[in-house]
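Enquirer: got a structure for you, letters missing:
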């Protein structure tokens with residue numbers, strides 16, 4: 001397995017709790033989980049919560065909850081990076097005493113003014129030999145002047161970075177707080193991380209991390225004392241996943257549509273379907289399968305098969321995948337999955353919500369109006385037609401409400417139909433006398449259509465809107481049979497009266 005040859009790999013998903021779990025981050029977590037499962041390794045979660053101004057505890061909790069929902073919880077309790085500040089500081093002390101760091105008081109404006117005419121942008125090493133005190137200043141890493149750093153990437157191959165193109169980068173802020181690149185290296189070393197699987201936007205920071213890793217190896221080997229000290233630790237292999245883009249092939253940011261896993265959960269996507277779709281973002285099943293249980297692809301997943309090109313996050317395809325998973329559910333599983341979206345006060349799992357991050361869904365049905373037995377009769381027909389669970393209430397509410405919620409646009413179509421009155425009149429007469437079963441309702445409705453010179457599909461429209469409130473929904477004849485003769489006739493007469501009053 002190339003760079004994957006180390007026994008029992010250890011990988012980590014390391015998100016920052018600065019918002020809801022981004023779909024791109026969820027894809028990263030999934031690929032870490034798949035890789036660990038594929039090679040009998042360990043998948044860890046490290047919450048990188050050291051940015052006190054942007055982090056929130058509820059967002060950290062949300063990450064854990066979202067991963068649990070997706071079915072990919074970490075193999076060990078989550079670790080908060082903030083709990084490891086003493087280790088980070090010890091590493092800084094070691095690097096400073098070892099001569100790898102120097103203090104710098106340059107402002108961004110001063111650096112730009114000095115380097116604006118340089119062919120190679122970046123910091124110019126101005127403070128390297130000034131001998132500034134450590135306290136109160138930013139600390140920079142002394143990058144060697146010659147040579148190169150090779151990032152072993154299982155997706156992109158070996159990526160070489162000439163040292164001449166890497167500036168002396170900041171590892172500690174002037175307030176003493178370590179930056180991302182240093183904290184990550186210290187934590188990865190302490191946690192025994194063997195493979196770093198993350199987004200391609202972090203590839204430019206990889207050579208800096210490797211320089212720090214090698215420096216700590218040298219210092220530990222000479223008797224330094226940083227967590228994880230002892231024999232040098234093998235450099236990690238990397239795998240930088242392709243970015244996710246929208247339909248305009250722009251990188252998906254937090255400002256584009258629904259990018260939070262929690263938003264899709266709240267819209268009624270199944271976790272198995274969402275994980276299935278995430279796996280397809282940059283990777284393809286070797287047998288060409290698109291619909292699968294994520295556990296079944298563990299044995300065929302390989303990082304070398306991940307594509308380089310950006311992956312299109314296609315919501316239409318996600319809906320298709322979710323619809324396929326919904327149709328594959330056992331009928332009773334489907335019924336139970338629908339309950340949080342159907343009943344306002346049901347004793348079932350809480351209906352997921354996400355503040356204002358999604359378009360509001362229709363309210364669930366009042367519990368006193370809902371009849372589970374009735375829903376079970378219509379559920380097999382609904383199961384074949386919805387793409388998300390949140391669509392279910394609007395498709396079946398006519399069965400449980402005193403009067404159907406009439407779609408205004410659909411009613412305008414009925415009102416403009418010159419044959420609508422004749423269709424409703426004939427249907428009322430036919431339905432008063434016929435056996436009220438789907439087959440018989442189909443037969444007499446076909447006769448109604450013939451009597452007004454319409455095809456059955458066209459003749460159904462006024463009847464469907466009158467009975468269900470919409471032109472689209474479950475099969476009409478099965479719906480009417482479940483609703484019952486009295487309610488169907490009451491609704492047809494009401495619609496007919498409404499048409500008459502409009503003339």
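Expert: Arrived safely. All values derive from a computational prediction rather than experimental measurement.
Enquirer: these two touch, right, residue 500 and residue 425?
Expert: No: using Cβ atoms under 8 Å as the test, residue 500 is too far from residue 425 to be in contact (10.1 Å). Any C-beta I mention is one placed from the backbone N, CA and C, and that applies to glycine too.
Enquirer: of these two, which one has the most company?
Expert: residue 425 (16 against 10; other Cβ atoms under 10 Å).
Enquirer: how much space separates that one from residue 431?
Expert: In this structure, residue 425 and residue 431 are 11 Å apart, going by Cβ to Cβ, to the nearest Å.
Enquirer: list the contacts for residue 292?
Expert: 276, 279, 285 (Cβ atoms under 8 Å, 6 or more residues apart in numbering).
Enquirer: in three-state terms, label it for me.
Expert: Following DSSP: H, G, I helix; E, B strand; the rest coil, we place residue 292 in the coil state.
Enquirer: distance of the closest residue in space to residue 124 that isn't next to it in sequence from residue 123?
Expert: Spatial nearest neighbour of residue 124, chain neighbours left out: residue 115 (5.3 Å); criterion: Cβ to Cβ, 6 or more residues apart in numbering. Distance, residue 115 to residue 123, by Cβ to Cβ: 8 Å.
Enquirer: next one: residue 38
Expert: Residue 38 is 41 Å from residue 123, by Cβ to Cβ.
Enquirer: one more: residue 216?
Expert: 22 Å.
Enquirer: all helices of the stretch 201-350 of the chain, in order?
Expert: Applying DSSP state H, counting those that start in this stretch to the stretch 201-350 of the chain gives helices spanning 206-221, 261-266, 271-279, 315-328, 331-342.
Enquirer: list the contacts of the third one.
Expert: Here helix 271-279 makes contact (Cβ under 8 Å, 6+ apart) with 23, 26-27, 30, 34, 69-72, 261, 264-265, 291-294, 297, 301, 317-318, 321-322, 324-326.
Enquirer: ok, residue 115 and residue 123, which is more surrounded?
Expert: Between residue 115 and residue 123, counting by other Cβ under 10 Å, residue 123 is the more crowded of the two (20 against 16).
Enquirer: where does the closest residue in space to the more buried one that isn't next to it in sequence land in three-state SS?
Expert: Setting aside the residues directly before and after it, residue 123 is nearest to residue 167 in space (Cβ to Cβ, 6+ apart), at 4.1 Å. Going by three-state DSSP, the secondary structure assigned to residue 167 is coil.
Enquirer: what about residue 167, neighbour count?
Expert: 18.
Enquirer: ok, residue 261 next?
Expert: Look at residue 261: counted by other Cβ under 10 Å, it has 28 neighbours.
Enquirer: touching, it and residue 19? I think so.
Expert: No: shown here, residue 261 and residue 19 do not form a contact pair, counting by Cβ under 8 Å, at 11.0 Å.
Enquirer: so residue 500 sits in a strand?
Expert: No: with three-state DSSP as the criterion, residue 500 is assigned helix and is not in a strand.
Enquirer: so what pLDDT did it get?
Expert: At residue 500 the predicted local confidence, pLDDT, stands at 84.
Enquirer: where do the strands sit along this structure?
Expert: 10-13, 42-47, 79-80, 101-104, 138-141, 148-153, 157-162, 170-172, 195-199, 237-241, 244-245, 311-312 (DSSP state E).
Enquirer: mind listing residues that contact the fourth one?
Expert: The one in question is strand 101-104. Contacts for strand 101-104 (Cβ under 8 Å, 6+ apart): 92, 95, 123, 126-128, 130, 132-134, 137-142, 168, 170-172.
Enquirer: tell me the gap between that strand and the middle of its chain.
Expert: A distance of 41 Å separates the centroid of the chain from that of strand 101-104, by Cα atoms, centre = their mean, to the nearest Å.
Enquirer: taking the mean pLDDT, what do you get for that strand?
Expert: 98.
Enquirer: so in that sheet, which strands flank that strand, and in what orientation?
Expert: strand 138-141 (antiparallel) (DSSP bridges).
Enquirer: buried sites along the strand it pairs with?
Expert: 138, 139, 140, 141 (16 or more other Cβ atoms under 10 Å).
Enquirer: TSV for those residues, including distance to residue 385?
Expert: Converted to TSV, the buried residues of strand 138-141 look like this (distance: Cβ to Cβ, whole Å):
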residue	distance to residue 385
138	60
139	61
140	61
141	59
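Enquirer: of those, closest to residue 394?
Expert: Residue 394 lies nearest to residue 138 out of the buried residues of strand 138-141, by Cβ to Cβ, at 56.5 Å.
Enquirer: double-check that closest one against residue 172; I have them as touching.
Expert: Yes: if you go by Cβ under 8 Å, residue 138 and residue 172 touch, sitting 6.5 Å apart.
Enquirer: picking up where we left off before, out of the helices of the stretch 201-350 of the chain, which is closest to residue 61?
Expert: helix 261-266 (11.5 Å).
Enquirer: now the closest one: average pLDDT?
Expert: 91.
Enquirer: now stretch 323-339
Expert: For stretch 323-339, the per-residue pLDDT averages 97.
Enquirer: contacts for it next, please.
Expert: Taking Cβ under 8 Å, 6+ apart as the rule, stretch 323-339 contacts 270, 272-273, 276, 291, 346, 348-349, 372, 375-376, 379-380, 382-384, 386-387, 389, 392.
Enquirer: show me which of those residues are buried.
Expert: Buried among the contacts of stretch 323-339 (16+ other Cβ under 10 Å): 270, 272-273, 276, 291, 346, 375, 379, 382-383, 386-387, 389, 392.
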